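A.B. asks: Build me a model from this:
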Amino acid sequence: MSWITITSAEVKTRLAGAELSAFQTAALATGQTDPLPEITAQVVDEVRGYVAACRSNTLGPAGTIPPRLLSATLAIIRFRLANRLPGGTALVDDLRVKEYEGAVSLLEKVAACDFAVEDPTGDATSGAQTNTPRVTPRVRLFDRCSQEGL
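C.D. replies: Predicted coordinates:
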């Protein structure tokens, strides 16, 4: 499966209507626009950094992430949106904190090559992360010529 781009619509599916309104309009300076695209881009870049930390992973096109990391990416985006508001900690309950911590933990596993992500070319897993045994050719120590006369 090819890598995906996180859209504002996908982030909005993880937010309640009142939250979305608050995130997009509250605590904005004069001339400042909706922070959602910027925070999304920052988190996507960070997720790509975790993926790149495992040398057996191949990065997909710029601005994309593996589909397996969609949920973790959205959890981090939502957490960071809530924390940018004054009093934003009221929007972050224990469940969302645990979800954020779980997302970061998953990304750490990806960086340590302990969690496989999709190859951007469409392969289900990348490089050394597969559990398929590798077959190496056997080197013959004895052959017909070396055993002549035995």
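A.B. asks: from here on, contacts and neighbour counts on C-alpha atoms
C.D. replies: Noted.
A.B. asks: Can you find the helix or strand in the chain with the smallest mean pLDDT?
C.D. replies: Every helix and strand in the chain was compared by mean pLDDT, DSSP states H and E; the lowest is helix 17-25, with a mean of 64.
A.B. asks: can you map out the strands along the chain?
C.D. replies: With strands called from DSSP state E, the chain shows them at 4-5, 64-65.
A.B. asks: which residues touch the first one?
C.D. replies: Meaning strand 4-5. When contacts are defined by CA atoms under 8 Å, 6 or more residues apart in numbering, strand 4-5 is touched by residues G63, T64, I65, P66, P67.
A.B. asks: Same list (the residues you listed) but as a markdown table, adding distance to E46, pLDDT and neighbour count.
C.D. replies: Listed next are these as a markdown table, based on distance: CA to CA, whole Å; pLDDT from 0 to 100; neighbours: other CA atoms under 10 Å:
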| residue | distance to E46 | pLDDT | neighbour count |
| --- | --- | --- | --- |
| G63 | 10 | 94 | 16 |
| T64 | 11 | 95 | 19 |
| I65 | 10 | 96 | 25 |
| P66 | 13 | 96 | 22 |
| P67 | 15 | 94 | 18 |
